[in-house]
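Chemist: Structure, please.
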Amino acid sequence: MKIASHEFNLRELAGSMGDFGTLFPLAIGYIVVCGLNPAGLLVMMGLANIATGLVYRLPIPIEPMKLLAVMAIAQRWTPSMVYASGFAMGMVWLLFAGTDLIGWIKTITPHSVIRGIQASLGLLLAIEALKMMSSGWVIGIISIGLVFALRQNRYAPAAIVLMGLGVAMMVFKGQLSRIQFVSIALPPMTRFGPEEIWSTLLLAGFAQIPLTATNAVMATSSLINSYWPDRTVTERQLSLNMGIMNLILPFFGGMPLCHGAGGLAGQYYFGARTGGTNILEGLIEISMGLFLGSSIAGLLGGFPPAIIGAMMFLVGIELAKFTRDVRLNKDLIPMGLTVVIAVTTNMAVGFLAGLAAHHLMRLIGRKKKHATYPSRSIEEEE
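Modeler: Below is the predicted model:
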């Protein structure tokens, strides 16, 4: 079935599962450690997916803000703190979109640094994937083989086969017997105070901003342009989308959400081509939240990590391949520096290092030209 730019088939369904590797662990942590309501978390994420798919008609991923999630889980934030942090991010990204501050950041960011961020994310995903595969190397290698064998199969897409394999393993181990099908659980109405909004900004929100700007906004927009050159989605549009959804969803139990180049690469790799992917993923998440709320942590936690690791490993390689269009002369140093520092520290520091290297090299190049041709002005050179 096809409606405009929305397709609903096995390929799109497989693509909707391409970014589950980043969703599962953080969703479990939010529910088990922080005490978030499972229905609110999943239903709100599902609604955000459906709305995004309808508006953009492209598979634009919706995923947790990772640094905020890690800090919240590590420090055992209360649910109201998590919701407050999401609202704070909504205000930040609405401001970035309204003032087009994100557009200015884009103008000073070279292509080489964006590619460096994508390569860094790919490498980090691959490293984390190998850790997950270490829990079962045999099933991990089998999963990679299945992906290569079935990736282009229209009737048995790789992601669906791997999800089925994981569920079969859970059945064999008796893990599904713990799942309780309950009556419909609706998302809660939530509240939080101004002091929680400010405190979560200080604890992790401000540190999340550069990570979101690089990965969720600039790198995602660049990747969309690479996959669909005729369907531009600007940095300002992505910022506005994140601002709106994070201002609304926390009041109904939603966690802080963003986009992400890794999620997009994963969805595309496993078959996503239209906004139908977001709609199908949204329906899955809403169904899980409404009917499996009390069992969702056990369900997601019991899924074989080696299978998710295999999927993440191949997505990491997919992201890294985009560095092929970087010029080997003056672009290689900023990109390489971005990757090294991003992987060894974090992506925000890597972004700043690559940006500084690019503009420093550009300044040195101008001075050399001016010394060689002193009669030429800077304006003439440009």
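Chemist: average pLDDT for stretch 133-145?
Modeler: Mean per-residue pLDDT for stretch 133-145: 94.
Chemist: mind listing what's buried in it?
Modeler: Met133, Gly136, Ile139, Gly140, Ile142, Ser143, Ile144 (16 or more other C-beta atoms under 10 Å). The way it works is simple: take the backbone N, C-alpha and C, and place the C-beta from them, glycine included.
Chemist: give me the element the third one is part of.
Modeler: Read it as Ile139. Assigned by DSSP states H and E, Ile139 belongs to helix 137-150.
Chemist: Restricting to C-alpha, output the very next helix or strand once past that helix in CSV.
Modeler: Next helix or strand after helix 137-150 toward the C-terminus (DSSP H and E): helix 158-172. Extracted in CSV, the C-alpha atoms of helix 158-172 (Å, rounded to 0.1, in the frame of the first residue of the first chain):
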residue,chain,number,x,y,z
ALA,A,158,16.9,-9.0,7.7
ALA,A,159,15.7,-6.9,10.6
ILE,A,160,12.4,-8.8,10.9
VAL,A,161,14.2,-12.2,10.7
LEU,A,162,16.6,-11.1,13.5
MET,A,163,13.7,-9.8,15.7
GLY,A,164,12.0,-13.2,15.2
LEU,A,165,15.2,-15.0,16.0
GLY,A,166,15.6,-13.0,19.2
VAL,A,167,12.0,-13.7,20.3
ALA,A,168,12.5,-17.4,19.5
MET,A,169,15.5,-17.5,21.7
MET,A,170,13.5,-15.9,24.5
VAL,A,171,10.8,-18.5,24.1
PHE,A,172,13.4,-21.3,24.2
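Chemist: For helix 158-172, name the packing helices and strands.
Modeler: Where contact means 3 or more C-beta pairs under 8 Å, 6 or more residues apart in numbering; DSSP states H and E, helix 158-172 is packed against helix 10-16, helix 137-150, helix 305-320.
Chemist: and those helices, which one is worst for confidence?
Modeler: Taking the mean pLDDT of the helices and strands packed on helix 158-172, helix 305-320 comes last: a mean of 88.
Chemist: what's the angle between it and helix 158-172?
Modeler: 160 degrees (axes from the mean of the first three to the mean of the last three C-alpha atoms, to 10 degrees).
Chemist: got a list of contacts for helix 305-320?
Modeler: Helix 305-320 has contacts (C-beta atoms under 8 Å, 6 or more residues apart in numbering) with 18, 20-22, 24, 118-119, 121-126, 128-137, 139-141, 143-144, 147, 159, 162, 165-166, 261-262, 265-266, 268-270.
Chemist: Of these, just the buried ones, ChimeraX syntax please.
Modeler: In ChimeraX syntax, the buried subset of those is picked out as below (16+ other C-beta under 10 Å):
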select :18,20,21,22,24,118,119,121,122,123,124,125,126,128,129,130,132,133,136,139,140,143,144,147,159,162,165,166,261,262,265,266,268,269,270
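Chemist: Where helices are concerned, which of the contacts of helix 305-320 count?
Modeler: Counting by DSSP state H, the contacts of helix 305-320 place 20-22, 24, 118-119, 121-126, 128-133, 137, 139-141, 143-144, 147, 159, 162, 165-166, 261-262, 265-266, 268-269 in helices.
Chemist: For the stretch 151-300 of the chain, which segments are assigned as helices?
Modeler: 158-172, 194-200, 206-211, 220-227, 235-248, 261-269, 276-291, 296-301 (DSSP state H, counting those that start in this stretch).
Chemist: Give me whichever of those is most buried.
Modeler: Across these, averaging neighbours per residue (mean count of other C-beta atoms under 10 Å) puts helix 261-269 on top, at a mean of 27.
Chemist: Can you tell me what sits against that one?
Modeler: Helix 261-269 has contacts (C-beta under 8 Å, 6+ apart) with 15-16, 18-19, 21-22, 59-63, 117-118, 121-122, 125, 151, 215-216, 219-220, 222-224, 227, 277, 311-312, 314-316, 318-319.
Chemist: Mind checking the pLDDT average for that helix?
Modeler: Taken as a whole, helix 261-269 has a mean pLDDT of 91.
Chemist: ditto for stretch 276-286
Modeler: For stretch 276-286, the per-residue pLDDT averages 95.
Chemist: buried set for stretch 51-59?
Modeler: Neighbour count says stretch 51-59 has Ala51, Thr52, Gly53, Tyr56, Arg57, Leu58, Pro59 buried, by 16+ other C-beta under 10 Å.
Chemist: what's the helix or strand for the third one?
Modeler: Right, Gly53. Using DSSP H and E, Gly53 falls in helix 38-56.
Chemist: List the strands paired with the very next helix or strand once past that helix, with their directions.
Modeler: Next in sequence after helix 38-56, counting helices and strands by DSSP H and E, comes strand 63-64. Strands adjacent to strand 63-64 in the sheet, as given by DSSP bridges, are strand 257-258 (antiparallel).
Chemist: Now do the partner strand: everything it contacts.
Modeler: By C-beta under 8 Å, 6+ apart, the surrounding residues in contact with strand 257-258 are 45, 48, 62-65, 86, 89, 212, 216, 242, 245-246, 249.
Chemist: Excluding chain neighbours, what is closest to Gln267?
Modeler: Nearest residue to Gln267, sequence neighbours excluded (C-beta to C-beta, 6 or more residues apart in numbering): Gly18, at 4.1 Å.
Chemist: measure Asn346 to Thr338 for me?
Modeler: 12 Å (C-beta to C-beta, to the nearest Å).
Chemist: Compare these two and say which is more crowded by neighbours.
Modeler: Taking other C-beta atoms under 10 Å, Asn346 and Thr338 do not tie; Thr338 has more neighbours (31 against 16).
Chemist: Go ahead and flag the most central residue of this protein.
Modeler: The centre of the chain sits closest to Gly260, judged by C-alpha atoms, centre = their mean, with a distance of 2.9 Å.
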